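> mind looking at a prediction? Sequence and model below.
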Amino acid sequence: MCILRRATCAIVVLAGCGLDVGPPAEWIATDSIDGALAVETGAPPVRPLAPVPSGSRFRIVTFNVDLGGDPARLASEILGNPAIMAADLYLLQEEESYPSEGATRASRLAALLDTGWIYVPGRVKGDGTHGLAILSRYPIGNAAVMELPHTADWKPRIAIRAEITVGATLLHVVDLHLETRINITDRILEVRPAVLDLPPQVIVAGDVNTNPFLWEDGSFPLLPTAQIVDTDQAPLLDDYMRGLGFETPAANVGPTETVHGIESRLDAIFTRGLAVTEAQVERSLDVSDHWPVWVDITLP
């Protein structure tokens, strides 16, 4: 708790008390969910897989694909970028699915990228759903979803966790998407249930929305006030995650979004118990309002 207080005390003075985000939820197995928010999944293509020895490189991408809703356009951008097309695992945010399109966008993107997939809706949107997806070249198992703490005024946000079987290695991953209009105190309270009690070796990634604003009552952004106190939330969330034993390999990749001349590092990858060899953001893609971030880990 001292890390939380130290990282946020100056901002709380400016922004006021934290919001009442309610109690944390539990992880729920995705195969137990039915109705409008039922989860859809597909296995990777059946093909001979070469052995994956210890020490192999494994590339992970996190990407908010909001404006890249068309799977064909998104796949074209990904396949046109050598770094992103070489990924083994994609953790996607703001995926959507609409019955009128015939198949989930995640499943159509996975077919174009030659991966398996799981799409986990977080909320109903119009006649479809909005949520998170994992695309993987290796089997995805034991998936679970958690509804993140939120107020009645926010749209529901979720995290999903899964196990990726890579040869003899079981990789634990968490994909999440945090609220935009909150200050660092509430951001930590929102992410906390999803990152506690995880295995010693784990990857947490997603759109954590660590913007450089102060928010008045969760509604109105105030201009960045670095001349008074550094209000950039990204390094403060990094500090919190380090306190939980995570490394922050994407801390120095620079902005992952630029809007109206304001650069923000909204997307993050955190690792624990795994060796990271490289991390980058790919700004050549022009298919979303975010840029994808990737890291390479060395398989145990």
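Here it is on my side, so go on.

> Three-state assignment for residue 198, please.
Reducing the assignment at residue 198 to three states with DSSP: H, G, I helix; E, B strand; the rest coil gives coil.

> now do the contacts for it.
Residues in contact with residue 198 (CB atoms under 8 Å, 6 or more residues apart in numbering) are 161, 172, 174, 204, 272. (C-beta placed from N, C-alpha, C; glycine too.)

> highest neighbour count among those?
The most crowded member of the contacts of residue 198, judged by other CB atoms under 10 Å, is residue 204 (26 neighbours).

> verify the stated contact: that one with residue 246.
Yes - using CB atoms under 8 Å, residue 204 makes contact with residue 246 at a distance of 7.0 Å.

> which ones among the contacts of residue 198 lie within strands?
Counted as lying in strands by DSSP state E, out of the contacts of residue 198, are 161, 172, 174, 204, 272.

> so what sits against both of residue 204 and residue 246?
A shared contact of residue 204 and residue 246, defined by CB under 8 Å, 6+ apart, is any residue touching both; here these are 195, 270, 271, 272.

> could you identify the most distant pair in those residues?
Between any two of the shared contacts of residue 204 and residue 246, the greatest separation by CB to CB is 12.0 Å, found for 195 and 271.

> hang on, the earlier thing: by neighbour count, which of the shared contacts of residue 204 and residue 246 wins?
residue 270 (27 neighbours).

> roughly how far is the one helix or strand that one maps to from the heart of the chain?
In this assignment (DSSP states H and E), residue 270 forms part of strand 267-272. Taking the mean of its C-alpha atoms, strand 267-272 sits 9 Å from the chain's own mean (CA atoms, centre = their mean, to the nearest Å).

> cool, stretch 274-291 as well?
Put simply, stretch 274-291 sits 12 Å off its chain's centre (CA atoms, centre = their mean).

> list the buried ones in it?
274, 276, 279, 280, 281, 282, 285, 287, 288, 290, 291 (16 or more other CB atoms under 10 Å).

> could I get these as TSV with secondary structure and pLDDT?
Conversion of those to TSV gives the following (DSSP: H, G, I helix; E, B strand; the rest coil; pLDDT from 0 to 100):
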residue	secondary structure	pLDDT
274	coil	97
276	strand	97
279	strand	97
280	strand	98
281	strand	98
282	coil	98
285	coil	94
287	coil	93
288	coil	94
290	coil	95
291	coil	96
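
> among the residues you listed, give me the pair with the biggest separation.
Taking every pair in those and measuring CB to CB, the maximum separation is 28.5 Å, between 274 and 287.

> the helices in the stretch 201-300 of the chain, which residues?
Along the stretch 201-300 of the chain, the stretches classed as helices by DSSP state H, counting those that start in this stretch are 233-243.

> list the contacts for residue 91?
When contacts are counted by CB under 8 Å, 6+ apart, residue 91 is found next to 60, 61, 62, 63, 132, 134, 173, 175, 205, 206.

> what about 10 Å?
For residue 91, the set of contacting residues under the criterion of CB atoms under 10 Å, 6 or more residues apart in numbering consists of 60-64, 132-136, 160, 162, 173-177, 203-207, 267, 269, 292-293.

> wait, is it part of a strand?
Yes - under three-state DSSP, residue 91 sits within a strand.

> beta partners for it?
According to DSSP bridges, the partner residues bridging residue 91 are residue 62, residue 134.

> between residue 195 and residue 271, which contacts overlap?
By the contact definition CB under 10 Å, 6+ apart, residue 195 and residue 271 are jointly contacted by 202, 204, 241, 246.

> quick check: closest non-adjacent residue to residue 267.
residue 256 (4.2 Å; CB to CB, 6 or more residues apart in numbering).

> can you pull the contacts of that neighbour?
Residue 256 is in contact with 62-64, 207-208, 210, 234, 250, 263-268, 281-283, 289-293, counting by CB under 10 Å, 6+ apart.

> so among those, which ones count as buried?
By the neighbour-count criterion of 16+ other CB under 10 Å, those include these buried positions: 62-64, 207-208, 210, 234, 250, 264-268, 281-282, 290-293.

> helix or strand: which one has residue 120?
Here residue 120 sits within strand 116-125, counting by DSSP H and E.

> mind listing what's buried in that strand?
By neighbour count, with 16+ other CB under 10 Å as the criterion, the buried positions of strand 116-125 are 116, 117, 118, 119, 120, 121, 122.

> what's that strand packed up against?
Packed against strand 116-125, as judged by 3 or more CB pairs under 10 Å, 6 or more residues apart in numbering; DSSP states H and E, are the following elements: strand 40-42, strand 89-97, helix 105-113, strand 128-136, strand 140-147, strand 158-166, strand 169-177.
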